[in-house]
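J.: Quick one, structure for this:
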Amino acid sequence: MFDKLRQLEERYAELHRRLSDPQVIGQTSEYARTAKAAAELSEVVEKFGDYKGVLQRLSEARHIVAEDVDREMRELAQAEVDDLAAQKTAWRKSCARCCCRAIPTTTATSSSRSAPARGATRPRTSPPTSPACTPSTRSARSGRWR
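T.: As a prediction, this is how the structure comes out:
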């Protein structure tokens, strides 16, 4: 799963490089496909970046617990280790499945690709299943998720 998320992260970076390419900018349809593909990946890549940040902070806090001579600092670091470990577990339970299901179906690899036939449908991504992965705001008028 994490290999797939790393690949999505690399793909997202590549899409952003393409968005600044003058050849892509000059082709409206190619630019739109590339921008759409990048937008579909942005939430997943952001969540994965948050997860990697938690892992980094967890590693640093564990290092402080193991190496620091100040008892009070070790206690603070241990409290942070406990909190970050809980965040890591919560992320894995709630968002890991959500992120893997949210892999977009749009591809924008080259302009030589033909567009789908009119009336053809693409499979949609599954909706998030965890409250941690769903939007927390509702539209005031319709009562539906934004």
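J.: Which secondary structure elements does whichever strand or helix holds residue 79 sit against?
T.: Element membership of residue 79, judged by DSSP states H and E, is helix 71-94. Judged by 3 or more CB pairs under 8 Å, 6 or more residues apart in numbering; DSSP states H and E, the packing partners of helix 71-94 are helix 28-67. Where C-beta positions appear, they are placed from N, C-alpha and C, glycine not excepted.
J.: Could I get the buried residue list for the helix it packs on?
T.: 30-31, 33-35, 37-38, 40-41, 44-45, 47-48, 51, 54, 57-58, 61-62, 64-65 (16 or more other CB atoms under 10 Å).
J.: average pLDDT for that helix?
T.: For helix 28-67, mean pLDDT rounds to 91.
J.: between that helix and helix 71-94, how big is the angle?
T.: 140 degrees (axes from the mean of the first three to the mean of the last three CA atoms, to 10 degrees).
J.: List the buried residues for the helix holding residue 79?
T.: 77, 80, 81, 84, 87, 91, 94.
J.: Closest to residue 17 out of those residues?
T.: residue 91 (27.8 Å; CB to CB).
J.: so the closest one touches residue 51, yeah?
T.: Yes - Residue 91 lies in contact with residue 51 (CB atoms under 8 Å); the separation is 5.2 Å.
J.: export the buried residues of helix 71-94 to CSV and tack on pLDDT and distance to residue 20?
T.: Output for the buried residues of helix 71-94, formatted as CSV (pLDDT from 0 to 100; distance: CB to CB, whole Å):
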residue, pLDDT, distance to residue 20
77, 90, 41
80, 91, 38
81, 91, 40
84, 91, 35
87, 87, 34
91, 82, 31
94, 69, 34
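J.: Tell me the one among those nearest to residue 18.
T.: residue 91 (29.4 Å).
J.: Contact partners for that closest one?
T.: 47, 50, 51, 54 (CB atoms under 8 Å, 6 or more residues apart in numbering).
J.: quick one: which of those is nearest residue 6?
T.: When those are compared against residue 6 (criterion: CB to CB), the nearest one is residue 51, at 11.3 Å.
J.: For that closest one, give its distance to residue 20.
T.: 27 Å (CB to CB, to the nearest Å).
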